[in-house]
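Visitor: Quick one: sequence plus predicted model below, questions after.
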Amino acid sequence: MSNLDRLRVAFRTALGLPEEFEVDKLEYRGIEQWDSLAHLTLVAEIEDAFDVMIDTDEVIDLSSFDKAVEILGKHGIELTG
């Protein structure tokens, strides 16, 4: 499984979305499930999936799937294909 797929799984798991749900264009509060509580669950899922610690500024900045890719890139996690 690619790192990008692992991130997709983290989003679906944290937000309680079905496996076929397209998450690549998701934005914070773009769907009902992504509220403030789910946001913290998402951060925890990403941290667990990639063994990283996301700092407070990054938690606040994590506003979309694309932003998650960018933040993980800063932690040395390559997310392609």
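Guide: In hand now; what should we look at?
Visitor: Which helix in the protein has the most residues?
Guide: Ranked by residue count under DSSP state H, the longest helix found in the chain is helix 36-50.
Visitor: secondary structure class for residue 73?
Guide: helix (DSSP: H, G, I helix; E, B strand; the rest coil).
Visitor: How about the contacts made by residue 62?
Guide: Residue 62 is in contact with 28, 39, 42, 43, 54, 68, 71, counting by C-beta atoms under 8 Å, 6 or more residues apart in numbering. C-beta here means a position set from N, CA and C on the backbone, and glycine is covered the same way.
Visitor: how about a markdown table for those, with pLDDT, neighbour count and distance to residue 6 added?
Guide: Converted to a markdown table, the contacts of residue 62 look like this (pLDDT from 0 to 100; neighbours: other C-beta atoms under 10 Å; distance: C-beta to C-beta, whole Å):
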| residue | pLDDT | neighbour count | distance to residue 6 |
| --- | --- | --- | --- |
| 28 | 94 | 16 | 20 |
| 39 | 96 | 18 | 19 |
| 42 | 98 | 23 | 13 |
| 43 | 98 | 19 | 15 |
| 54 | 97 | 20 | 15 |
| 68 | 97 | 24 | 11 |
| 71 | 97 | 20 | 14 |
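Visitor: hang on, residue 24 in a helix?
Guide: No: residue assignment for residue 24, taken from three-state DSSP, gives coil, which places it outside any helix.
Visitor: any low-confidence regions in the chain?
Guide: Low-confidence segments of the chain (pLDDT under 70): 81.
Visitor: which residues are contacting whichever helix or strand residue 4 is part of?
Guide: With the criterion set as DSSP states H and E, the secondary-structure element containing residue 4 is helix 3-15. The contact list for helix 3-15, computed with C-beta under 8 Å, 6+ apart, reads 1, 17-19, 21, 23-24, 26, 31, 33-34, 38, 41-42, 44-46, 48-50, 65, 68-69, 72, 77-81.
Visitor: hmm, back to that, contact partners of the longest helix of the chain?
Guide: Counting by C-beta under 8 Å, 6+ apart, 3, 6-7, 9-11, 13-16, 28, 34, 52-54, 59, 62, 68, 72, 75, 77 sit against helix 36-50.
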